[in-house]
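1. requesting a structural model of the entry that follows:
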Amino acid sequence: MSKRSIKLTVSAILVAAAALTAAAPAEALTPGGPLSDIRIADHFDLAAGQLPENISLLPDGTADVTFAASRQVAQVSPRGTTRILATLPAPADGGVNTPALGFPLATGIVHTSDGTVYVLYATGTADLTGLWRLRPGRTPQRIAALPANGLPNGLALDERGKRFYITDSVLGTVWTVPVTGGTPTAWSTAPELAAAGFLGANGAKVRGGAVWVTNLDRGTLLRIPIRAGNRAGAPQVRASGLAGIDDFAFTGRGDEILAALNSPNQVVRIRPDGTSSTVLDAADGLQNPTSVALRGNDVYVLSAAYTTATDPNLLRAQLRDRF
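-> Now for the predicted structure:
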């Protein structure tokens, strides 16, 4: 991708993301909060389209990430070395028909214990949009086609059920597909998943017999029970008032969550009762945070700099044992 194309891509993101409004959570940052040792661990190349969108952690602390604008999958080592694993093929039309954004982008990412990486790719074209599999030493392969008029975004793995759940931010749908690939099934099309002007269903995780999903436009965190026969139950709103909520991670303390709020430049702690407080903000170096991951007490936050257009980065911190 040329520097001119990257500039146009970033401009498209800025225009689209301007529709988001930022409502700060009720509680302000306080000394001695839940995070310590907060620092920017890695800086990425804005001009090269290295806008980090999603993250998956390996056992040794290596981070697999997607770079949205450059259509790339990369690994960031614990020492900060970035290695490109793959660049997904460019659509013939340049991706101008990608819904909501007008450029092709790599989004959700997960990996399995055998080292296989799975990535979502949105292009606005029927030949490329879908779920892709990356195996070491092999060419990336699409294993499930998704609608070209949608925007596959969040990717969650149900290891027990051996299937993926995929959010579509434009079509307001959660899809499901076996780990082996195949034809996706529309698992839930509940109204709570729909967009309200820009993007709807976004981040996704599987936990406690349910698929948890955020809705960026509506500022909500939803819990959708997985019923017998892999049927979707009715969505339950577990938190609201979180404008611009993107991806998230469970802290390992019950249903407590750390979530990225994109346009407000914040990471918030969401308690099981739905209340929230800010734990990171722009003063810590956030630049439109997109996703959060945890490995034990190690916290990783990606910032894509979609609207700030300044410093896409990886922030690291420690989750305190008691707070």
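2. which strand or helix spans the residue nearest to residue 39 when sequence neighbours are not counted?
-> Among residues not flanking residue 39 along the chain, residue 316 sits closest, at 6.1 Å (Cβ to Cβ, 6 or more residues apart in numbering). Placement of C-beta: from N, CA and C, glycine included. Using DSSP states H and E, the element containing residue 316 is strand 313-319.
3. what about the stretch 201-323 of the chain, any weak spots by pLDDT?
-> 322-323 (pLDDT under 70).
4. residues in contact with residue 156?
-> Neighbouring residues of residue 156 by Cβ atoms under 8 Å, 6 or more residues apart in numbering: 108, 110, 164-166, 204-206, 211.
5. ok, 10 Å please
-> Contact analysis of residue 156 by Cβ atoms under 10 Å, 6 or more residues apart in numbering lists 108, 110, 163-167, 174, 176, 203-207, 211-213.
6. please apply the same query to residue 205.
-> Residue 205 sits next to 154-158, 165, 211-214, 247-250, 257 when contact means Cβ under 10 Å, 6+ apart.
7. ok, now residue 230?
-> Neighbouring residues of residue 230 by Cβ under 10 Å, 6+ apart: 158, 161, 163, 165, 176, 185, 187.
8. return the member of the residues you listed nearest to residue 282.
-> Closest approach between the contacts of residue 230 and residue 282, by Cβ to Cβ: residue 165, at 31.6 Å.
9. partners of the strand or helix carrying the closest one in the sheet?
-> Following DSSP H and E, one finds residue 165 within strand 163-168. In the sheet, strand 163-168 lines up against strand 152-158 (antiparallel), strand 173-178 (antiparallel) (DSSP bridges).
10. pLDDT (mean, whole number) over that strand?
-> Averaging pLDDT along strand 163-168 yields 98.
11. so how far is that strand off the chain centroid?
-> The chain centre lies 12 Å from the centre of strand 163-168; the measure is Cα atoms, centre = their mean, to the nearest Å.
12. then stretch 262-280?
-> Computed by Cα atoms, centre = their mean, the chain-centroid distance of stretch 262-280 equals 16 Å.
13. using PDB, write down the CA coordinates of it.
-> C-alpha atoms of stretch 262-280 as PDB (Å, rounded to 0.1, in the frame of the first residue of the first chain):
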ATOM      1  CA  ASN A 262     -12.200   4.300  21.400                       C
ATOM      2  CA  SER A 263     -13.100   8.000  20.900                       C
ATOM      3  CA  PRO A 264     -12.900   9.000  24.500                       C
ATOM      4  CA  ASN A 265      -9.300   7.700  24.700                       C
ATOM      5  CA  GLN A 266     -10.100   5.700  27.800                       C
ATOM      6  CA  VAL A 267      -9.900   2.200  29.300                       C
ATOM      7  CA  VAL A 268     -12.600   1.500  31.900                       C
ATOM      8  CA  ARG A 269     -13.100  -1.000  34.600                       C
ATOM      9  CA  ILE A 270     -16.600  -2.500  34.400                       C
ATOM     10  CA  ARG A 271     -17.700  -4.200  37.600                       C
ATOM     11  CA  PRO A 272     -20.200  -7.100  37.700                       C
ATOM     12  CA  ASP A 273     -22.900  -4.800  38.800                       C
ATOM     13  CA  GLY A 274     -22.500  -2.700  35.600                       C
ATOM     14  CA  THR A 275     -20.900   0.400  37.200                       C
ATOM     15  CA  SER A 276     -17.700   1.600  35.600                       C
ATOM     16  CA  SER A 277     -14.700   3.800  36.300                       C
ATOM     17  CA  THR A 278     -11.800   5.100  34.200                       C
ATOM     18  CA  VAL A 279      -8.400   3.400  34.800                       C
ATOM     19  CA  LEU A 280      -6.500   4.800  31.800                       C
END
